[in-house]
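>>> Next one to model:
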Amino acid sequence: MLLFRILIVWVLLQGTPLVRDIFDLPLHDGRSLLVDALILIFCFSLFILNLASTYQGAQSRGSAEYNNKNIIEYEILNRLNSSIAEKINDLITYLKYFFYLLFFFFKNIKFHYLVLIWAIPGFFIYEASRINGSTALMYFKQYMLFIALIQFIFWAVKYGKTNSFFSVILNGSFLFLSVQVLLFALNTIFDGLYQDLIQKNSFPIAMLILGEICRQGGMRNEFKRFIVIGAISATIAAAKLFFLLAVLLFILNRSINFFKKSPHARGFVSVASHYLIVFSPFIIPHAIMHFFNINIDDFIEIEDDRYFIDDNIGSLVSRVYSFTYLLAQENFLTVFGSNESAMSQVVFWGYPVHNIYASVAYSHGALVLTTLILYHLAIYRFLRRNAELGVILGFIIIYFNDIYPMLSLFFIPYFLRNNIGAAPISAGQCCRK
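Sure thing, here's the model as predicted:
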């Protein structure tokens, strides 16, 4: 269903926040997430309606495939008078239809195990929120939206055409870029009026993820288009991370070619590259302190003068030291966390910590941090087989400070590798170096 996939792409590319910013709508905090949740519920309804229509059409054609799956058979109808039998028969028809849908749904629409893996941190986040008094439930809402997106992508790939699914995302990305270019032009004409609307740093990274998936799947044309769209968007949004990642991916791709005949060594390089990035917030500040004798206290002393420093430099200093600053908080790691509202108050040079795991750990405690560590162990095979995607994932963890829906894109390779989509990409092609 085209509309089904279009709406998924709308949520995936964060169309609701884009429209919110353009028209200055009151959809801040978790309200835009609720709008996206309603869109996904509508998608779910469309999907079930499509199944029901398929069932009705097959029944009307007398399909043996469906007629042989009757769930309820009542021979007693033959012993009743015709009027009562007719009414009961109508009731049984509706019951057959209802139970068949349930049977069909649970038999053929399976929730992928990756959805269950992600539901575990979501459950602990919700419980920690109740205990520590969080009222916004921002991370819980984002996790639930994230889980729904993984499942919907699974359905869209399985029951649709994989190429069609990527085409819909590509068209949606082009539309997103067109809006961004228009805002950039208006910003140039009206001298900074729409500057904030242009800064969509996550969109180029989503294009990089999709481009990498298409490259690994042999979809060269789609790969080039996603990269071009991402590069133009990154240039407009000054998203330097896109170009940094593009260079790193090129170097990594060339490097791991040396290990073609040694899968174990290649897997080690892939996992090591990812975790080197994930642990860089620990490593870099200590390396600076060791080699240059510049520690966080020196920057705290000149914090009031940060307004006279170039914004890019100030942002870089914040990203380097905000994690160390968060670790220094007395209540950084408690069992159930310090509340999501308290998280917004811990800023270094005016910026919150740009680290998903650190943010969630501070907000919801050691219990959730443990589940996130276990999650990382659960995707160990993913990291071994997808070196480039693992590098992008590592940067997303330490670069953004919330859980973006685009993270669900990382699980598309699993769906393709299992050959669940009716597409020309075979199980062996995708994600095989």
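>>> Please enumerate the strands of this structure.
Applying DSSP state E to the chain gives strands spanning 347-348, 351-352.
>>> quick one: which of those has the weakest pLDDT on average?
Of all those, strand 351-352 carries the lowest average pLDDT, namely a mean of 90.
>>> Give me the sheet partners of that one and which way each runs.
Strand 351-352 pairs in its sheet with strand 347-348 (antiparallel), by DSSP bridges.
>>> which residues are contacting the partner strand?
Contact partners of strand 347-348, identified using CB atoms under 8 Å, 6 or more residues apart in numbering, comprise 303, 318, 321-322, 325-326. C-beta: built from backbone N, CA, C; applies to glycine.
>>> Narrow these to those in helices?
Of the positions in the contacts of strand 347-348, 318, 321-322, 325-326 sit in helices, assigned by DSSP state H.
>>> coming back round to it: as TSV, the strands of the chain with distance to F111 and mean neighbour count would be great.
What follows is those, written out as TSV (distance: least, CB to CB, whole Å; neighbours: other CB atoms under 10 Å):
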stretch	distance to F111	mean neighbour count
strand 347-348	39	18
strand 351-352	33	18
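>>> between those strands, which gets nearest to I288?
strand 347-348 (14.7 Å; CB to CB).
>>> Low-confidence stretches in this structure?
Applying pLDDT under 70 to the chain picks out residues 51-110, 192, 194, 418-433.
>>> Pull the number of nearby residues for I232.
Residues lying near I232 (other CB atoms under 10 Å) number 16.
>>> Run through the residues that contact it.
By CB under 8 Å, 6+ apart, the residues touching I232 are 177, 181.
>>> L241 too?
By CB under 8 Å, 6+ apart, the neighbours of L241 are 201, 204-205, 234, 395, 399.
>>> now, which of the residues you listed sits nearest S167?
P204 (19.8 Å).
>>> Hmm, I236 and the closest one touching each other?
No - between P204 and I236 there is no contact under CB atoms under 8 Å: 9.1 Å.
>>> Have a look at these two and say which one is more surrounded.
Using other CB under 10 Å as the criterion, P204 and I236 rank with P204 on top: 29 against 20.
>>> Next up, the contacts around the more buried one.
Applying CB under 8 Å, 6+ apart, we find P204 in contact with 230-231, 233-234, 237, 239, 241-242.
>>> same deal with Y414?
Y414 neighbours (CB under 8 Å, 6+ apart): 112, 114, 382.
>>> So which bits of stretch 131-138 are buried?
Across stretch 131-138, burial judged by 16 or more other CB atoms under 10 Å covers 132, 134, 136-138.
>>> Straight-line length of that stretch, end to end?
15 Å (CA to CA, to the nearest Å).
>>> swap in stretch 338-358?
End-to-end distance for stretch 338-358, by CA to CA: 12 Å.
>>> so how far is that stretch from its chain's centroid?
Here stretch 338-358 is found 21 Å from its chain centre; the criterion is CA atoms, centre = their mean, to the nearest Å.
>>> just to revisit the earlier point, tell me the one among the buried residues of stretch 131-138 nearest to F47.
Of the buried residues of stretch 131-138, the one sitting nearest to F47 (CB to CB) turns out to be L137, at 26.4 Å.
>>> quick one, phi/psi of that closest one?
phi 50, psi 40 (degrees, to the nearest 10).
>>> Now for it: which residues touch it?
Shown in contact with L137 (CB under 8 Å, 6+ apart): 30, 126, 129, 340.
>>> hang on, the earlier thing: which among the strands of the chain is found nearest to L193?
For L193, the closest of the strands of the chain is strand 351-352, at 24.4 Å, according to CB to CB.
>>> Bridge partners for Y351, pull those for me.
Beta-bridge partners for Y351, by DSSP bridges, are F348.
>>> correct me, but it touches S322?
Yes - the pair Y351 / S322 is scored as a contact, 5.9 Å apart, by CB under 8 Å.
>>> Residue ranges of each domain in this protein, please.
By the record's domain assignment, the chain is partitioned as 2-61+110-417, 69-106 (automatic domain parsing).
>>> picking up where we left off before, closest to F259 out of the strands of the chain?
strand 351-352 (38.3 Å).
>>> Burial check on N171, number of neighbours?
Using other CB under 10 Å, N171 has 12 other residues around it.
>>> Perfect, that will be all.
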